[in-house]
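# my questions are about this predicted structure, shown below with the sequence.
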Amino acid sequence: MNATEITMILCAYLLGSIPTGYMMGAWKGVDVRSAGSGNIGATNVARLVGKRQGLLTLVADAAKGFIPVTIALQLLGLGWSSAAVVGTAAFLGHLYPLFLKFQGGKGVATALGVFAAWAPPAALVLIIVFAAVALLSRIVSLSSMAAALAAPIILWIFSYPPAVVGSSAVIASMIVWRHRANIRRLLAGTEPRFGSISSR
């Protein structure tokens with residue numbers, strides 16, 4: 001691994017570490033970590049601060065994954081193995097942000113940005129999977145996990161390189177792990193549906 005690749009990986013992690021949801025809440029005088037679900041993701045921000053701020057958080061979190069991978073692939077011409085590590089680094093930055101003492105979100109939006117940069121057609125399929133499960137269940141956490149678990153399968157079907165498929169499997173497993181409280185509520189039948197959900 002050369003200096004360019006190492007620098008790009010570090011930059012991806014630092015970009016992923018920018019706590020956009022926390023910043024949106026702080027701008028309105030709300031610490032999103034101590035209210036609602038306690039999460040810095042778009043769903044909690046939308047519930048506590050407003051839908052506009054929630055949407056901005058969603059877009060910004062996705063951009064944290066999309067931008068570094070796009071730079072690695074399109075501008076720097078790095079290979080798929082490097083792009084896979086860069087995307088994973090950005091995702092880990094969101095989960096374990098340097099700027100919030102490594103206490104971050106669940107990574108769904110950032111993962112979507114990574115997948116969109118790696119494989120736009122596959123990302124579109126994953127959005128459809130998310131939407132279909134959301135319409136049927138009206139549970140965002142379930143929709144997020146379903147799309148995450150579908151990611152490595154869809155990327156494999158679309159014949160993307162093993163490094164990307166493998167990295168997507170790591171990302172999917174970590175998204176599911178970060179949703180373990182949601183899973184317990186799903187099993188207990190107490191997971192909230194649209195209107196009061198805690199997903200990202």
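Thanks, I have it.
# element containing the residue lying closest to M1 once chain neighbours are set aside, please.
The spatial neighbour of M1 that comes closest, neighbours along the chain excluded (Cβ to Cβ, 6 or more residues apart in numbering), is S82 at 7.5 Å. Quick note: C-beta positions are derived from backbone N, CA and C, even for glycine. In this assignment (DSSP states H and E), S82 forms part of helix 80-95.
# for I127, same thing?
Counting by DSSP H and E, I127 is found in helix 120-137.
# with L55 instead?
helix 51-70.
# okay, strands next: where are they in this protein?
Here the chain has no strands by DSSP state E.
# now stretch 10-21: how far from the chain's centre is it?
How far stretch 10-21 lies from its chain's middle: 12 Å, per Cα atoms, centre = their mean, to the nearest Å.
# could the C-alpha coordinates of it be exported in CSV?
Output of stretch 10-21 as CSV, limited to C-alpha atoms (Å, rounded to 0.1, in the frame of the first residue of the first chain):
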residue,chain,number,x,y,z
LEU,A,10,-7.1,8.3,6.7
CYS,A,11,-8.9,11.2,5.0
ALA,A,12,-11.9,8.9,4.4
TYR,A,13,-12.0,8.0,8.1
LEU,A,14,-11.7,11.7,9.2
LEU,A,15,-14.5,12.7,6.7
GLY,A,16,-16.7,9.9,8.1
SER,A,17,-16.0,11.1,11.6
ILE,A,18,-17.6,14.5,11.0
PRO,A,19,-20.8,14.2,13.2
THR,A,20,-23.3,15.9,10.9
GLY,A,21,-26.3,14.9,12.9
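# any idea of the mean pLDDT for that stretch?
Mean pLDDT, computed over stretch 10-21, is 95.
# now swap in stretch 52-72 and tell me
Mean predicted confidence for stretch 52-72 is 95.
# what's the spacing between it and its chain's center?
Remark: stretch 52-72 is offset 9 Å from the chain centroid, using Cα atoms, centre = their mean.
# now stretch 14-33
Stretch 14-33 has its C-alpha centroid displaced from the chain centroid by 15 Å (Cα atoms, centre = their mean).
# start and end of it, how far apart?
20 Å (Cα to Cα, to the nearest Å).
# only the buried residues of that stretch, if you could.
14-25, 30, 32-33 (16 or more other Cβ atoms under 10 Å).
# repeat for stretch 75-86
Under 16+ other Cβ under 10 Å, the buried positions of stretch 75-86 are 78, 80-86.
# tell me the mean pLDDT over the helix holding I127?
The model assigns helix 120-137 a mean pLDDT of 96.
# what's that helix packed up against?
Packing contacts for helix 120-137, counted by 3 or more Cβ pairs under 8 Å, 6 or more residues apart in numbering; DSSP states H and E, involve helix 108-118, helix 140-157.
# quick one: that helix to helix 108-118, angle?
Helix 120-137 runs at 150 degrees relative to helix 108-118, counting by axes from the mean of the first three to the mean of the last three Cα atoms, to 10 degrees.
# quick revisit: and the buried residues of stretch 75-86 as CSV, adding distance to S137 and pLDDT?
Below are those laid out as CSV (distance: Cβ to Cβ, whole Å; pLDDT from 0 to 100):
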residue, distance to S137, pLDDT
L78, 38, 95
W80, 34, 96
S81, 36, 96
S82, 37, 97
A83, 33, 97
A84, 31, 97
V85, 34, 98
V86, 33, 98
